[in-house]
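J.: The following block contains a protein sequence and its predicted model.
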Amino acid sequence: MRILLVEDAADLGAAIADHLRRAGHAVDHVTTRDEAEAAWDVADYASVLLDLGLPDGSGLDLLRARRRSGDRTPVVIATAYDQISDRIAGLDAGADDYVVKPYDPDEVEARLRAVARRADGLAASEIAIGPLVIDRARARVRRGDVEIRLTSREWAVLDALVSARGRILSRTALEERLFAFDDDIAGNAVEVYISRLRSKIGRELIETRRGLGYALS
């Protein structure tokens, strides 16, 4: 999934961005409120990891503004403020979850995935599609008792199609979910990943709608 990381601490931001990318996510890392607003305005994020203390303004004010505008993107607040009142303020501002620094990167990733699943209306971690069981919490797929090994990009494509719940996703929509702003994207990247995924899970499970895009059968 595509994640907006808003963190001005250079070392921490770089570390969590690397961790999320190794887990197969596309990450746009910004360090200011202005950069966060600009990125948020043009990209469709599955979830946002939001620091509160930014050099040019409050992350909490940014969140309030997004919620007032009707934006329902799932947000996990990550901050050094650990008072109960701070947590309540964040949740009341519209955050979906809250973690206190220093945090465990695996836990943060799990929380980002969980709020994204709930936003999709698919809170359960395991979903059965045809002969497959898809475990979104662990990014695993199995047919019966046999696990199907997917690369991080193949998993990202499958997860995006699951999130769409049968709706058609265009190539552009898939690109936006798979790649960050600074990623190099080959012209046929989506088609390549779709082809590889079909070879592993079964061609019949991914439908091509000519001129429109792709959907799970």
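T.: That came through fine.

J.: ok, and the closest non-adjacent residue to Arg64?
T.: Computed as CB to CB, 6 or more residues apart in numbering, the closest residue to Arg64 that is not its neighbour in sequence is Ala93, at 4.9 Å. Bear in mind the C-beta positions are built from the backbone N, C-alpha and C, glycine included.

J.: Tell me if I'm right that that neighbour and Arg66 touch.
T.: No - judged on CB atoms under 8 Å, Ala93 makes no contact with Arg66 at a distance of 9.5 Å.

J.: ok, His29 to Leu5 distance?
T.: For His29, the distance to Leu5 (CB to CB, to the nearest Å) stands at 5 Å.

J.: overlap in contacts of these two?
T.: With contacts defined as CB atoms under 8 Å, 6 or more residues apart in numbering, the residues shared by His29 and Leu5 are Gly13, Ala17.

J.: neighbour-wise, which of these two wins?
T.: In this view His29 and Leu5 are compared by other CB atoms under 10 Å, and Leu5 has more residues nearby, 28 against 22.

J.: so who does the more buried one touch?
T.: Contact analysis of Leu5 by CB under 8 Å, 6+ apart lists Gly13, Ile16, Ala17, Leu20, Val27, Asp28, His29, Val30, Val48, Leu49.

J.: next helix or strand past the helix or strand hosting Ile16?
T.: Counting by DSSP states H and E, the element that carries Ile16 is helix 10-22. In the C-terminal direction, the helix or strand that comes right after helix 10-22 (DSSP H and E) is strand 26-30.

J.: what's in contact with the following helix or strand past that next one?
T.: Once strand 26-30 ends, the next helix or strand along the chain (criterion: DSSP H and E) is helix 33-42. Counting contacts by CB under 8 Å, 6+ apart, the residues outside helix 33-42 that touch it are 4, 6, 28, 30, 48, 50, 54, 56-59, 61-62, 66, 71, 73, 181.

J.: same thing with stretch 98-110?
T.: By CB under 8 Å, 6+ apart, the surrounding residues in contact with stretch 98-110 are 12, 15-16, 19-20, 23, 25, 49, 76-82, 87, 90-91, 111, 137.

J.: Write the PyMOL selection for whichever of those are buried.
T.: What follows is the PyMOL syntax for the buried subset of those, where burial is set by 16 or more other CB atoms under 10 Å:
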select buried, resi 12+16+19+20+23+25+49+76+77+78+79+81+87+90+111
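
J.: about what we covered before: out of the contacts of helix 33-42, name the ones that lie in helices.
T.: In this view, the contacts of helix 33-42 that belong to helices under DSSP state H are Gly59, Asp61, Leu62, Arg66.

J.: Alright, I will stop here.
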